[in-house]
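**Q** okay, predicted coordinates and the sequence, questions at the end:
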Amino acid sequence: MQKAFVTGWPISHSKSPKLHRFWLDHHKISGFYEAVAIEPNNFREFLTTLPNSEFKGGNITLPHKERAYEMIKNRDEAAEMIGAVNTVWMQDGKLLGSNTDAYGFSANLDDFSTNWRKKKNALVVGAGGASRAIIHALIEAGFSRIHIANRTLERAKSLSDQFGEKTTAHPFSAVSELLCEAELLVNTTSIGMNGNNEDVMPNFSSLPTNALVTDIVYTPLQTPILKQAALLGFDTVDGLGMLLHQAVPGFEKWFGLKPSVTPELRNHILESL
Ligand code: ATR
């Protein structure tokens, strides 16, 4: 029986066990996926002993993703660019690491938009770990102008320095004026999560009429940002699909079958939000 895990600290809130067990049941695979709570002080030992454990691989979440990146030398390009590892698996006796957040972001937009990859100009609000994954995804998708606006300008600058000339850093106060050129607006901050700072975002009426608006926050599913955009008539994509899609590559590595993100899976996870 193949076994996989998700580890973090804390980990009880993780949706990953529910998600992967849905696919295991659906495909009648006698595999096993469990949440393992590991304190930061014990993470090094956990990862070091992993190759000799019962696990074929697993997911790594907060606060261990950067530490996993430092420890795992065999990383794919996405992990390399994002500077964090969220998915690991054993291959030929070696532990390999990937970051599937950029894949999850793009696959979610692919599900709901036929033309987002044709757009060129994006405005990304926020400059944390999630923003890094999304900028990588946007560059891979062919965007040529990516504006990064953040409350702490230095963090936006540091991302722009890393990703190069297609990106520009701005203070959060520049969002209003950047909106009029943005064909894609992505919120990567916790604004709107559980009602946080709902009023911080400016009015979106200056967005181009064909703009697509997406938010990586999925609690609530319809964030204040998405609500405002929908009211103004813009196409919107919520963040739940990114969570679902980022899980696909790991499942395929551990259990040997590429699972699908379906409305049934979405409803199954929605029940627990
Ligand atoms: P993650 O890894 O999920 O991206 P993070 O690294 O804590 O999390 O980043 C959170 C992002 O939300 C940051 O861009 C943060 O801005 P700062 O870099 O200035 O801290 C942004 N953020 C959180 N609350 C915000 C608020 N009330 N207004 C504007 N930006 C906010």
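**A** Thanks, I have the structure now.

**Q** ok, Asn196 - contacts?
**A** Ser190 (CB atoms under 8 Å, 6 or more residues apart in numbering). C-beta here means a position set from N, CA and C on the backbone, and glycine is covered the same way.

**Q** can we see that at 10 Å?
**A** 189-190, 217, 223-224 (CB atoms under 10 Å, 6 or more residues apart in numbering).

**Q** which one of the residues you listed is nearest to the ligand?
**A** The ligand lies nearest to Thr189 out of the contacts of Asn196, by CB to the nearest ligand atom, at 3.2 Å.

**Q** nearest residue to that closest one other than its sequence neighbours?
**A** Closest residue to Thr189 apart from its sequence neighbours, by CB to CB, 6 or more residues apart in numbering: Gly126 at 3.8 Å.

**Q** Asn203 in helix, strand or coil?
**A** coil (DSSP: H, G, I helix; E, B strand; the rest coil).

**Q** list the contacts for it?
**A** Neighbours of Asn203 in contact, by CB under 10 Å, 6+ apart: 176, 179, 228, 232.

**Q** tell me the helices in the stretch 1-150 of the chain, going along the chain?
**A** 16-26, 43-49, 65-71, 77-82, 101-112, 129-140 (DSSP state H, counting those that start in this stretch).

**Q** contact residues of the stretch 1-150 of the chain facing the ligand?
**A** 126-131, 150 (CB under 6 Å from any ligand atom).

**Q** which of those residues are buried?
**A** Buried residues within these, counting neighbours by 16 or more other CB atoms under 10 Å: 126-127, 129-131, 150.

**Q** show me how to select, in ChimeraX, the buried members of the contacts of Asn203.
**A** Of the contacts of Asn203, the buried ones can be selected in ChimeraX as follows, counting by 16+ other CB under 10 Å:
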select :179,228
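
**Q** adding distance to the ligand, secondary structure and pLDDT, write the contacts of Asn203 out as CSV.
**A** Formatted as CSV, these follow (distance: CB to the nearest ligand atom, whole Å; DSSP: H, G, I helix; E, B strand; the rest coil; pLDDT from 0 to 100):
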residue, distance to the ligand, secondary structure, pLDDT
Ser176, 14, helix, 95
Leu179, 15, helix, 98
Gln228, 16, helix, 95
Leu232, 21, coil, 97
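
**Q** name the nearest residue to whatever residue of the stretch 1-150 of the chain ends up closest to the ligand, sequence neighbours excluded.
**A** The minimum distance from the stretch 1-150 of the chain to the ligand, using CB to the nearest ligand atom, falls at Gly128 (2.3 Å). In space, and not counting its chain neighbours, Gly128 is closest to Thr188: 6.7 Å by CB to CB, 6+ apart.
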